[in-house]
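> My questions concern the predicted model and sequence given below.
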Amino acid sequence: MVRVFAAAGFVGLALVCGAGCNSSDDDAASGSDRLATAQDATNFCDRTLGVLAGAIDACCTAADKTTSEYGLVNGIVVALAPKCADAVQRSTGKQRILLHPGEAESCYAAYAARLGGGEKCANLTMTFSDPSGTSCRKAFSGVRAAGQLCAGDHECNEGLTCVGATASADGMCQPPPPLGAPCGSSSGSLSLEFGSHPACEGGARCSNGTCIPRAAAGERCVVSDDAHTECAEGLHCRSGTCSSEGRSGPGGACRSGADCNPGYYCDVSAGAQGTCAELKAAGGSCHGGFGTQTECKGRCDAKGGAAGTCTTFCGSQ
């Protein structure tokens, strides 16, 4: 659970990755698209974020629930729950997003398969991303054309971006802006990651409200999430520089666990330049760490940097 707890990245995805819908039986069977409703928003929360919350509660023991790792992510889930439906309903209430029932059902099925039921607790500790692949992101799509008002990218037609939205005022859908042009919305505006909506034209990224060049191969970077990379197209931020190489497998070079494939951590015991090694099962020696720095499939029973032992955690193996 440490990976999920630490990154809240998966928790965040549960809210922003998209999802859909309580379609009627006829809609689900036919796959017909339609304007999304408030009930669709409620079902999204119940069948994505709600499934995650249920798994956390069922898989974590009383002892697990006393730890800081549990407190962090469970706190995030509790905080998101009352906001979840409201976030999607802001768009459904203005009839600005479509529901794609087939993709929504695929999304829900993936959540249930990965996290539904006590026998799947081990999956919770090893979850690194949205379990549905792309189906949740495709469950909703925007209907607003270029020049129309929007509360976030997800309300715009595919390929358009919402520029200038704030928590209290709409922005405008437009083609991805060029280098040097204003881009993005304020941090307080609604942002649900349905579909593909580049913030800037090719070769640029949005930083502090302005489109700037993406970093080239060999240039420094700090963002390891490939979905929001600082690097040029086709490159990944690995070990602090933009590279054509993806995450590393066993023995690969790394600076943190973010450079390693799922199931591996960055072993830096031999020096500043680490190598990717398999996460340790309960009983293995470890040094206290959090997030991508953890060495364990579960958690290390020591504080940051101190020596300890890997322990089972929320169903980990």
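Now that the structure is in, tell me what you want to look at.
> in the stretch 1-150 of the chain, which ranges drop under the pLDDT threshold?
Scanning the stretch 1-150 of the chain for pLDDT under 70 picks out 1-31, 118, 126-130, 132.
> Show me the helices in it, by range?
With DSSP state H, counting those that start in this stretch as the criterion, the stretch 1-150 of the chain has helices at 2-7, 9-16, 25-30, 38-44, 50-59, 68-92, 101-115, 121-125.
> Mean neighbour count, those helices: which tops it?
Comparing the helices of the stretch 1-150 of the chain by mean neighbour count (mean count of other Cβ atoms under 10 Å), helix 2-7 comes out on top with a mean of 24. (C-beta placed from N, C-alpha, C; glycine too.)
> In the stretch 201-317 of the chain, where is pLDDT below threshold?
In the stretch 201-317 of the chain (pLDDT under 70), the answer is 223-228, 270-272, 290-292.
> quick one: the helices in it?
Using DSSP H, counting those that start in this stretch, helices in the stretch 201-317 of the chain do not occur.
> residue boundaries of the strands in it?
Ranges of strands in the stretch 201-317 of the chain, per DSSP state E, counting those that start in this stretch, are 204-207, 210-213, 236-238, 241-243, 253-254, 264-267, 274-278, 285-287, 299-300, 307-311.
> What strands line up against the fifth one, and which way round?
For strand 253-254, the paired strands and their directions (DSSP bridges) are strand 274-278 (antiparallel).
> which parts of the strand it pairs with are buried?
274, 275, 276, 277, 278 (16 or more other Cβ atoms under 10 Å).
> re the thing from before, can you list the strands of the stretch 201-317 of the chain in CSV and add distance to residue 33?
Below are the strands of the stretch 201-317 of the chain laid out as CSV (distance: least, Cβ to Cβ, whole Å):
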stretch, distance to residue 33
strand 204-207, 29
strand 210-213, 32
strand 236-238, 34
strand 241-243, 38
strand 253-254, 43
strand 264-267, 40
strand 274-278, 42
strand 285-287, 49
strand 299-300, 43
strand 307-311, 47
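> Just say which of these is most tucked in.
strand 299-300 (a mean of 28).
> so what secondary structure elements neighbour that strand?
strand 307-311 (3 or more Cβ pairs under 8 Å, 6 or more residues apart in numbering; DSSP states H and E).
> OK, contacts around the closest residue to residue 307 other than its chain neighbours?
Distances taken as Cβ to Cβ, 6 or more residues apart in numbering place residue 287 nearest to residue 307, at 5.8 Å, with adjacent residues excluded. When contacts are counted by Cβ atoms under 8 Å, 6 or more residues apart in numbering, residue 287 touches 295, 300, 302, 305, 306, 307, 308.
> before we move on, what about residue 260?
Contacts of residue 260 (Cβ under 8 Å, 6+ apart): 247, 248, 249, 252, 254, 266, 276.
> Looks like the fourth one contacts residue 277 (just checking).
No. The pair formed by residue 252 and residue 277 falls short of the contact definition of Cβ atoms under 8 Å, at 9.7 Å.
> how close does the closest residue to residue 67 other than its chain neighbours sit to residue 166?
If the residues on either side of it in the chain are set aside, residue 67 comes closest to residue 299, at 6.8 Å by Cβ to Cβ, 6+ apart. Using Cβ to Cβ, to the nearest Å, residue 299 is found at 39 Å from residue 166.
> before we move on, what about residue 76?
24 Å.
> ok, now residue 176?
20 Å.
> Can you pick out the residue with more neighbours from these two?
residue 176 (19 against 14; other Cβ atoms under 10 Å).
> wait, is the more buried one part of a helix?
No. Per DSSP: H, G, I helix; E, B strand; the rest coil, residue 176 lies outside any helix segment and is coil.
> circling back: figure out which of the helices of the stretch 1-150 of the chain is closest to residue 137.
helix 101-115 (8.4 Å; Cβ to Cβ).
> Show me what the closest one is packed against.
On a contact count with 3+ Cβ pairs under 8 Å, 6+ apart, helix 101-115 meets helix 25-30, helix 50-59, helix 121-125.
> CA atoms only for it - export them in CSV, please.
Extracted in CSV, the C-alpha atoms of helix 101-115 (Å, rounded to 0.1, in the frame of the first residue of the first chain):
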residue,chain,number,x,y,z
PRO,A,101,-21.4,3.9,-21.9
GLY,A,102,-19.1,1.2,-23.4
GLU,A,103,-16.0,2.8,-22.2
ALA,A,104,-17.6,3.6,-18.8
GLU,A,105,-18.5,-0.1,-18.3
SER,A,106,-15.0,-1.1,-19.2
CYS,A,107,-13.7,1.4,-16.7
TYR,A,108,-15.9,0.0,-13.9
ALA,A,109,-15.1,-3.6,-14.7
ALA,A,110,-11.4,-2.9,-14.4
TYR,A,111,-11.8,-1.3,-11.0
ALA,A,112,-13.8,-4.2,-9.8
ALA,A,113,-11.4,-6.8,-11.2
ARG,A,114,-8.3,-5.1,-9.6
LEU,A,115,-9.7,-3.9,-6.3
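> Setting aside sequence-adjacent positions, which residue approaches residue 308 most closely?
residue 302 (2.7 Å).
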